[in-house]
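**Q** pasted the sequence and its predicted model underneath.
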Number of protein chains: 2
Amino acid sequence: MAKIPNRILLSEDEMPQSWYNVKADMKENHDPFINPQTMKPAKMEDLFPVFAEELCRQEFSTERYIPIPEEILNKYKMYRPAPLCRAYALEKLLDTPAHIYYKYEGQNTSGSHKLNSAIPQAYYNKAQGITSLTTETGAGQWGTALSMACAFYDLPLKVFMVKISAQQKPYRKAVMETYGAQVIPSPSMETAAGRAVLAADPNCNGSLGTAISEAVETAVTTPNCRYVLGSVLDQVVLHQSIIGLESKLQMEKVDEYPDIIIGCAGGGSNLGGLISAFMQDKLTGKRNPHFIAVEPKACPSMTRGKYAYDYCDTGHVTPMAKMYTLGAGFMPASIHAGGLRYHGMSPIVSKLYHDGALDEARAVYQNDVFDAAVLFAKTEAILPAPESAHAIRVAIDEAIRCKETGEAKTILFGLTGNGSFDLTAYQSYHENKMQNYEPTDEEIQKGFASLPKIPGIQ
Amino acid sequence: MAKIPNRILLSEDEMPQSWYNVKADMKENHDPFINPQTMKPAKMEDLFPVFAEELCRQEFSTERYIPIPEEILNKYKMYRPAPLCRAYALEKLLDTPAHIYYKYEGQNTSGSHKLNSAIPQAYYNKAQGITSLTTETGAGQWGTALSMACAFYDLPLKVFMVKISAQQKPYRKAVMETYGAQVIPSPSMETAAGRAVLAADPNCNGSLGTAISEAVETAVTTPNCRYVLGSVLDQVVLHQSIIGLESKLQMEKVDEYPDIIIGCAGGGSNLGGLISAFMQDKLTGKRNPHFIAVEPKACPSMTRGKYAYDYCDTGHVTPMAKMYTLGAGFMPASIHAGGLRYHGMSPIVSKLYHDGALDEARAVYQNDVFDAAVLFAKTEAILPAPESAHAIRVAIDEAIRCKETGEAKTILFGLTGNGSFDLTAYQSYHENKMQNYEPTDEEIQKGFASLPKIPGIQ
C-alpha cells in the first residue's frame, strides 16, 4: 500500500450530510433535565422561551441521523472537512511503533471546533425569525465562533464576557467586535443579575456563572431574542458529531481504525463529537476501541466528581442535568485551559462514562500538559490550544507505552484548536511560572455540598 | 460541469516537486548586486560569509526548475498544499459576475507564507553544517516562521526584534520563544552596532535597519553562524514560487485561468511567488493575465519610487540591489501592515515591473484596506492579515468593476496570512482611530536623497 499521507483530506462532496445522534444507539438514554420551578422532568416546550424550537427538538431527539440543512453545509464547506493528520514527526521523535493521528479543528478563524455548533445554532434561530442572540464567554473561543456565525446570518449578538477575561484578553474582544458582536464585560449594569453582583461588590471580576445569568436574563426579557450555549447540551454534541464522522471516513481511506481514542473534556462538546461515530461501533458490537477522556487535575469532574443532578451554571438559572459534576459551587483554580474549567460534564458523555462505554477518564497536571504542547509544537508545526494539549499529553503517554510494550497501536486524538490566543500561557510556561493545581478533598466536599436537593430524586 | 468546490485541494502527491525560477524565462535578468566595498558587481563567493553556499547558488541561478529536496518536501507536507478558495459568499455579497479565487497561506502556525522560505533556508544551513542562525524581525511574521523552521532542524536562532515591536507584540515574542528562538530586543548591547545606537540614545525604540545590522554583525562574527532574510532576495522568490505553482494546478483542476492576478507587495516575496508560474505563461506568449501589485499609500515604492541601485537595509550593511525604492533613508509611517513598510522591492519583481510584464502597481489607503478586510472576514470566515487585506481591497474593486461592465472575469489574489496577531489594528479600526498616511513630495525627495552614489553607474 502507498504511504499514508501526512494530511488525509476529504473533498467537500465526501463531507457527511447528516449529524449522527449517539443517543439512538445508547443502551439507555441519560436521565431527563429537571425543571427547577416544578422539580419535575422538563418538557421540550419548557425550553422554548430560551432556545430556538428546532434546537429544542434536537435536544430531545433520539433519531439516529439528522440531516444537515444545505445552508449549514454551505457554511461548513468554507472551512471543512477538517484534516486528519498523521503525526509522523512525533512518532519518529518518540521512537514509537504506534500510529498517531489527530483530527485538527483549529484551522478556521475562531481557532477551534466551536464553530461547528455556532453555525447551526445561529442558523436555526435565524430561520425561526429570532432577531438577536445572547451568550456568555469565558476564555473567548465560543464567543468568537458565535460572533462569526452571527455575522454569516446577519444576527445581532450580545456576548457577556467575564470581566477579568475581557481585560486580560483584549484581542479576543477585538475579534468578536470585528465580527460585529457587542461584547459586554460581566457583571454589567445591563441586567438585574449584573446590578445585584455589582451592588455587593463594585470591583467584582466576574464569573462564568454570572455571565450566563446575564445572558439568559437578557434573552428572556428582550423581545424575539434567544440564548445559545457552546457545550454541555445534547444538541451541541450532535452538531459536533461531524468531527468523528469525518475522522472515521478519513481513517477508512487509509485502512486504519483507532485502538485508542483520546479527547480533552471540559463541557464535553469536543469529546462527545469526536467519539460519537466510533462509539456507535462499540455500542453495536462492531468494534471495541478504548476511549479516554482527559481533564485537568484542577477541575476533575469525571475522575473525582459525582454522578448527580446539578445546575449547568453557577447562577442556577438553567435546568438541572444528571451528569458528572464537582458541584456548581466548585471554584476551579485559574488554569490556562479556560475551556476545561467547568464543574460539570455533558449528560451524554456522563452517561456513556457511567455505563462503561466510555472506558476511562484521566486527569493531568498543567505543567505536564505544556511539556507535551511544546514538544508537539516543535515537531508537528502546530501550536496547540491548552485545552487540546490535554489530549496530546495522554496521546504521547500512550505512544510511549506502546514503545515499552512493542505494540503498534493506532491512536487518534482530537486537536480541538490552535493556541494563537493563548500566548500568555506559553509565556508563563517558558518563564517557569506555571503552577500545578489540584483541589484538596475539603474543596471537593465543599463543591458537593452545593449540589441541589430534589425531592424524591436526590 | 460539477459545481466548483469552495476549497480546491491538492493531495500531497500533487504538490510540485520543484521550485520554478522565473529568471529562466525573463527577457533579461535584473542588474547584479553591487558590492559596497568594491563598488563592482558582487560575485557569488562574496556572499558566502553571510549566507549558506547552496542559498548563494540559488540566488545566482538561472536554471528554470530547481528540485525541492525530499527533506524539505516532508516539512512542506505538514501544512501544504495550501487551499485555493472560491469566494462564493463574497461574490454573492458584491453581486458580481466575476469569479473570485484566493490562495490561502495562513493555515500554518506562523500564520503566513513566510514558512515556505524559512524551511529551505534553515535546511540548507543545517546541511552545510552551520550551527546557528541570526535574523531580524519587525512585525514578527518572519521571525515566527524561522523559529518554527529552526525547531524542525534543531538550529539555534537569535532573532533581533525591533524593540518597540517586542514591547507592543509580546505574544509574537512568546511564540518565537516557544519554538526555542532567543529573541533580543534591538538595539541591544550584544553588538557594536547596537551599542553605538544605545550610546547615542539609550531610550531608542529601534528600527528594522538597526536590527538587520545587529543580525548580520552577529552572523559574521560568530563562528559557523549565518544570516537569513525573509524577503527581497531571488532565493526567497524562488522558494515562494510554490504558491503560484500550486495555484495554477488548482485552477486547472476546475478549468479556470485567472484574467487578473493580485498580490500585496512589501519586499515582494509573496507577490513574486504568487505570480511566477503565471508570469511564465505571459513571458512565453501562452497567456496574458493582468498582474496587479498592491502597496500601501504610506510606503509606495513602486508607484512613487525610483528604479535605482539602493541598499537593501537602512543600516547599509548589505550589497546594493537595482530595484524600485524610496531610498533606504525613507521612513514610512507606522501603518498596521508592518510587512509592507519596506523602502525597496525584490529585484525580480522590480525588473518585471520595469519591463512591463508586471502590468500595474496600485497604492491604497489604510482605512480602505480595513473596510475590505472586515467585509471579507464577515463573509469568507477568515480574518485576514493587514498585509493580505491590501490584495483583498483591489480584488473587491476589480469585482465591482466587473459588475459595472458585466464582464465575468476570473480574479485570483494571494491571501498571504491570517490576522490573529493583528487585533490591535482591528481594534483601532473598530474604534475609528485608524489614520490614512501618504508621504508628501518633500518626504519622497528626502528619501531619494539617501540613494547611494556609485561611480559610473548612478
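**A** Yep, that arrived. Residues are numbered from 1 along each chain as shown, chains lettered A, B, ... in the order given.

**Q** what sits against the closest residue to chain B within the stretch 201-350 of chain A?
**A** Minimum separation of the stretch 201-350 of chain A from chain B (Cβ to the nearest Cβ) falls at A:Lys253, amounting to 11.1 Å. Where C-beta positions appear, they are placed from N, C-alpha and C, glycine not excepted. Taking Cβ atoms under 8 Å, 6 or more residues apart in numbering or on different chains as the criterion, A:Lys253 is in contact with A:8, A:10.

**Q** and it, backbone torsions?
**A** Main-chain dihedrals, A:Lys253, degrees, to the nearest 10: phi -60, psi -30.

**Q** so what pLDDT did it get?
**A** Model confidence at A:Lys253, expressed as pLDDT, equals 97.

**Q** can you check A:Arg304 too?
**A** Taking A:Arg304 on its own, its pLDDT is 98.

**Q** which residues does A:Val317 contact?
**A** Listed by Cβ under 8 Å, 6+ apart, the contact partners of A:Val317 are A:212-213, A:216-217, A:311.

**Q** is it correct that it falls within a strand?
**A** No. Per DSSP: H, G, I helix; E, B strand; the rest coil, A:Val317 lies outside any strand segment and is coil.

**Q** quick check: phi and psi at it.
**A** A:Val317 adopts backbone torsions of phi -100, psi -10, taken as degrees, to the nearest 10.

**Q** kindly report the same for the one 10 residues further on.
**A** Comment: the main-chain dihedrals of A:Gly327 come out as phi 90, psi 130, following degrees, to the nearest 10.

**Q** just to confirm, which helix or strand has the closest residue in space to it that isn't next to it in sequence in it?
**A** Leaving aside its sequence neighbours, A:Gly327 sits nearest to A:Gly447 (Cβ to Cβ, 6 or more residues apart in numbering or on different chains; 3.5 Å). In this structure, A:Gly447 sits in helix A:441-448 according to DSSP states H and E.

**Q** ok, and what's touching that helix?
**A** A:304, A:306, A:326-327, A:329-331, A:343, A:439.

**Q** circling back to that earlier point, which two of the contacts of A:Val317 have the greatest separation?
**A** Taking Cβ to Cβ, the two most distant members of the contacts of A:Val317 are A:Glu217 and A:Tyr311; they sit 15.2 Å apart.

**Q** with neighbour numbers in mind, choose between those two.
**A** A:Tyr311 (25 against 20; other Cβ atoms under 10 Å in any protein chain shown).

**Q** bridging residues for the more buried one?
**A** For A:Tyr311, the beta-bridge partners under DSSP bridges are A:Met320.

**Q** tell me the pLDDT of it.
**A** For A:Tyr311, the predicted pLDDT is 91.

**Q** any part of the helix or strand of chain A with the lowest mean pLDDT near chain B?
**A** For chain A, the helix or strand with the lowest mean confidence is helix A:163-168, at a mean of 85 (criterion: mean pLDDT, DSSP states H and E). No. Helix A:163-168 does not reach chain B (Cβ under 8 Å from any Cβ of the partner chain); its nearest approach is 12.4 Å.

**Q** that older thread, now, which of the contacts of A:Val317 lie within strands?
**A** The strands, defined by DSSP state E, take in A:Tyr311 from these.

**Q** the contacts of A:Val317 in helices, which ones?
**A** Members of these lying in helices (criterion: DSSP state H): A:212-213, A:216-217.

**Q** quick one: the residues you listed as a markdown table, columns for pLDDT and distance to B:Val22 too.
**A** Shown next, in a markdown table, are the ones in helices among the contacts of A:Val317 (pLDDT from 0 to 100; distance: Cβ to Cβ, whole Å):
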| residue | pLDDT | distance to B:Val22 |
| --- | --- | --- |
| A:Ile212 | 89 | 57 |
| A:Ser213 | 88 | 61 |
| A:Val216 | 92 | 59 |
| A:Glu217 | 93 | 62 |
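
**Q** of the contacts of A:Val317, closest to B:Gly273?
**A** B:Gly273 has its nearest neighbour among these in A:Ile212, at 47.6 Å by Cβ to Cβ.

**Q** residues in contact with the nearest residue to that closest one once chain neighbours are set aside?
**A** Counting by Cβ to Cβ, 6+ apart, A:Ile212 lies nearest to A:Asp313, which is 4.1 Å off, once chain neighbours are set aside. The contact partners of A:Asp313, by Cβ under 8 Å, 6+ apart, come to A:208-209, A:212-213, A:328.

**Q** name the helix or strand for A:Asp313, please.
**A** Using DSSP H and E, A:Asp313 sits within no helix or strand.

**Q** measure it to A:Ala333 for me?
**A** The spacing between A:Asp313 and A:Ala333, counted by Cβ to Cβ, to the nearest Å, is 19 Å.

**Q** of the contacts of A:Val317, closest to B:Cys204?
**A** Of these, the one sitting nearest to B:Cys204 (Cβ to Cβ) turns out to be A:Ile212, at 48.9 Å.

**Q** surely the closest one is in contact with A:Thr318?
**A** Yes. Using Cβ atoms under 8 Å, A:Ile212 is in contact with A:Thr318, at 7.2 Å.

**Q** looking only at neighbour counts, state which of those two leads.
**A** A count of neighbours by other Cβ under 10 Å puts A:Ile212 above the other of A:Ile212 and A:Thr318, at 27 against 22.

**Q** among the contacts of A:Asp313, which two are most distant?
**A** Every pair of the contacts of A:Asp313 checked by Cβ to Cβ; the farthest is A:Ser213 and A:Ala328, at 11.7 Å.

**Q** of those two, which one has the most company?
**A** A:Ser213 (27 against 21).

**Q** number of residues surrounding the closest residue in space to the more buried one that isn't next to it in sequence?
**A** Leaving out its chain neighbours, the residue that sits closest to A:Ser213 by Cβ to Cβ, 6+ apart is A:Gly315, at 3.5 Å. For A:Gly315, the count of nearby residues is 22 (other Cβ under 10 Å).
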